[in-house]
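Student: when you get a sec, could you give me coordinates for this:
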Amino acid sequence: MTTEQPTRCPWLDTSKPDYVKYHDEEWGVPVRDDKKMFEFIILESAQAGLSWYTILKRRAGYKKAFADFDVHTVATFDENKVEQLMQDASIIRNRAKIKAAISNAKIFITIQEEFGSFCNYLWRYVNNTPIENNIRTLADYPATSPLSDAISADLKKRGFKFFGSTICYAHLQACGLINDHSESCFRKSEVTNAQNS
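Tutor: Residues are numbered from 1 along each chain as shown. Got it, this is the predicted structure:
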């Protein structure tokens, strides 16, 4: 006897259990913790030019390689560490992306110092309230928005790399600043109710 599967977002490949778990438990849930926010920034910037699932499969590798996503430790990584990471098959071995993760960590800390936390910095763009989009089909998903344009431009000005508007939009979706679960997805109302409670 097969159990009826709930309706999920149209972008999700439901044949991949780890992808389904990510969608059902994490994607779109508001992140207000700087450590989790930094983890997603490392993962999203590593994604540039690749599929999210390619990175998701390597998440444990990234966690180990990048000091359990401790921003202060990553900010101290030197050229020797870069060379070491270039030999690490558990992550995407792209020198520019590895170096960007380190320089982004330093800027992340600067933003924390300026705003009290990185989450404070980011959430002020949406007045601390997630944006609810009306997504019905795959074609309804935007790749960017004026919001992601503005945030990525500001972060670029501050020195962020591998965080253009498309990556930024994906980050806002993942971290729940934008609720882009489709109208038919069982997680849409759950995420909405969780953020309003």
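
Student: just the helices in the chain please.
Tutor: In the chain, the helices defined using DSSP state H lie at 17-25, 34-47, 52-56, 59-65, 71-74, 79-86, 95-115, 118-123, 146-158, 165-174, 186-196.

Student: who touches residue 8 in this structure?
Tutor: Contacts here follow C-beta atoms under 8 Å, 6 or more residues apart in numbering; on that basis residue 8 touches 14, 20, 23, 24, 185, 186, 187. Every residue, glycine included, has its C-beta placed from N, CA and C.

Student: follow-up on the earlier one: which one of the helices of the chain lies nearest to residue 137?
Tutor: Nearest to residue 137 among those is helix 186-196 (14.1 Å), distances taken as C-beta to C-beta.

Student: list the helices and strands the lowest-mean-pLDDT helix or strand in the chain packs on?
Tutor: Using mean pLDDT, DSSP states H and E, helix 186-196 stands out as the lowest-scoring helix or strand of the chain, at a mean of 87. Judged by 3 or more C-beta pairs under 8 Å, 6 or more residues apart in numbering; DSSP states H and E, the packing partners of helix 186-196 are strand 178-179.

Student: now with 10 Å?
Tutor: Contact analysis of helix 186-196 by 3 or more C-beta pairs under 10 Å, 6 or more residues apart in numbering; DSSP states H and E lists helix 17-25, strand 131-132, strand 178-179 as its packing neighbours.

Student: can you list contacts of the longest one?
Tutor: Read that as helix 17-25. The list of residues contacting helix 17-25 from outside it, by C-beta atoms under 10 Å, 6 or more residues apart in numbering, reads 5-6, 8-9, 11-14, 16, 27, 52-53, 56-57, 59, 174, 181, 185-187, 190.
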